[in-house]
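# Sharing a sequence plus its predicted fold:
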Amino acid sequence: MNELGKQTPFKPITGQTFKFRCHKEITCFTKCCANLNLVLTPYDILRLKNRLDISSDEFLDRYAETNIDKHPRFPMMTLKMNQDQNGRCPFVSTTGCDIYEDRPGACRIYPLGRAAMKVNKEKDAREKYFIVQEEHCLGFEEDRIWSVKEWVASEGVSGYNAINDRWLEIISSPKSLGKKEEIPRKIQMFSMASYNLDKFRAFLFQSRFFSLFEVPQDLKEKLRSDDVALMLFSFDWLKFSLFGEKTLQMKS
Ligand code: SF4
Ligand code: SF4
């Protein structure tokens, strides 16, 4: 549903192209940046907290809300809209999106939506794109014609998809979380490793982690400062700790 309580129309892309242009002179400019139910992926959070130059804790506290209804097993994070009658995104101003280069994947890809599914051991997710045509959005009346491929390239969506699809493997895994009494601890681990990368780094470097697991020295050094490497490592850790997958090797 959109903010007016109406059903958001999802339309198939016919003929592989669509008409759309968003620009500062359009009368609906920034109307779309309010009352959103915008799910933040771990990579969205990383990009935003680095853009704002704040810690993961501070970002989660100021800008994110935990949503337990959006997924049957794992808590999801959504972007906290301003708590006033307009419910605007905290990053929108009269000139547009203040964090444009680091805007979340969902904002990048609009007016498209993407459904992705990992099948067995296939390297890439199977994906399907569709149009999300909000009533207030006048961009569809403009003349620019796009193919999906052109749009995805122009908005920098591919890099986001590549990392988000690795996380998708975890949240869409059909594997059991094990014994009932272990689940709350596993959910806590999921939240920390997915959303709080600063805490995950401290967990690695301030615990006995590296004396328990085989981690090559060059990777260990990389994990100290390379946030994307750390995030990809956190996904391996989650597969190991949640589902018992052999993504990490314990020392003998
Ligand atoms: S409503 Fe559509 S055209 Fe208007 S600013 Fe938002 S995305 Fe652009
Ligand atoms: S992050 Fe930027 S593009 Fe996304 S809703 Fe907020 S202001 Fe709009």
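Arrived safely. Numbers count the residues shown, from 1 in each chain. Ligands and ions are numbered 1, 2, ... in the order given.
# buried sites along stretch 155-170?
By 16 or more other Cβ atoms under 10 Å, the buried positions in stretch 155-170 come out as Glu155, Val157, Tyr160, Asn161, Ile163, Asn164, Asp165, Arg166, Trp167, Leu168, Ile170. All C-beta atoms are positioned from the backbone trio N, CA, C, and that covers glycine.
# mind saving the C-alpha coords of it as PDB?
The C-alpha trace of stretch 155-170 is given here as PDB (Å, rounded to 0.1, in the frame of the first residue of the first chain):
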ATOM      1  CA  GLU A 155      21.300   4.000 -11.300                       C
ATOM      2  CA  GLY A 156      24.200   1.900 -10.100                       C
ATOM      3  CA  VAL A 157      22.000  -1.000  -9.000                       C
ATOM      4  CA  SER A 158      24.200  -3.900 -10.000                       C
ATOM      5  CA  GLY A 159      26.700  -3.400  -7.300                       C
ATOM      6  CA  TYR A 160      23.900  -3.400  -4.700                       C
ATOM      7  CA  ASN A 161      22.300  -6.400  -6.200                       C
ATOM      8  CA  ALA A 162      25.500  -8.400  -6.100                       C
ATOM      9  CA  ILE A 163      26.000  -7.900  -2.400                       C
ATOM     10  CA  ASN A 164      22.300  -8.000  -1.500                       C
ATOM     11  CA  ASP A 165      21.900 -11.400  -3.300                       C
ATOM     12  CA  ARG A 166      24.600 -12.900  -1.000                       C
ATOM     13  CA  TRP A 167      22.400 -11.800   2.000                       C
ATOM     14  CA  LEU A 168      19.300 -13.100   0.300                       C
ATOM     15  CA  GLU A 169      20.800 -16.600   0.400                       C
ATOM     16  CA  ILE A 170      20.700 -16.300   4.200                       C
END
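# returning to what we had before: among the buried residues of stretch 155-170, which ones are in helices?
Cross-referencing the buried residues of stretch 155-170 against helices under DSSP state H gives Val157, Tyr160, Asn161, Ile163, Asn164, Asp165, Arg166, Trp167, Leu168, Ile170.
# Would you mind confirming that the third one makes contact with Ala116?
Put plainly, it is Asn161. Yes - counting by Cβ atoms under 8 Å, Asn161 touches Ala116, with 7.2 Å between them.
# quick check, Leu204 in a helix?
Yes - Leu204 forms part of a helix when assessed by DSSP: H, G, I helix; E, B strand; the rest coil.
# roughly how far apart are it and Lys220?
Remark: distance between Leu204 and Lys220 (Cβ to Cβ, to the nearest Å) = 8 Å.
# Find the residues that touch each one of those two.
Common contact partners of Leu204 and Lys220 (Cβ atoms under 8 Å, 6 or more residues apart in numbering): Phe210.
# Which one of those two is surrounded by more residues?
Applying other Cβ atoms under 10 Å to Leu204 and Lys220 shows that Leu204 carries more neighbours, namely 20 against 15.
# returning to what we had before: next, format the buried residues of stretch 155-170 as a markdown table and append distance to ligand 2 and pLDDT.
Formatted as a markdown table, the buried residues of stretch 155-170 follow (distance: Cβ to the nearest ligand atom, whole Å; pLDDT from 0 to 100):
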| residue | distance to ligand 2 | pLDDT |
| --- | --- | --- |
| Glu155 | 11 | 95 |
| Val157 | 13 | 94 |
| Tyr160 | 13 | 95 |
| Asn161 | 17 | 94 |
| Ile163 | 18 | 96 |
| Asn164 | 16 | 95 |
| Asp165 | 21 | 94 |
| Arg166 | 22 | 95 |
| Trp167 | 19 | 96 |
| Leu168 | 21 | 94 |
| Ile170 | 24 | 96 |
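# Mutual contacts of Asn161 and Ala116, please.
Common neighbours of Asn161 and Ala116, using Cβ under 8 Å, 6+ apart, are Ala125, Glu127.
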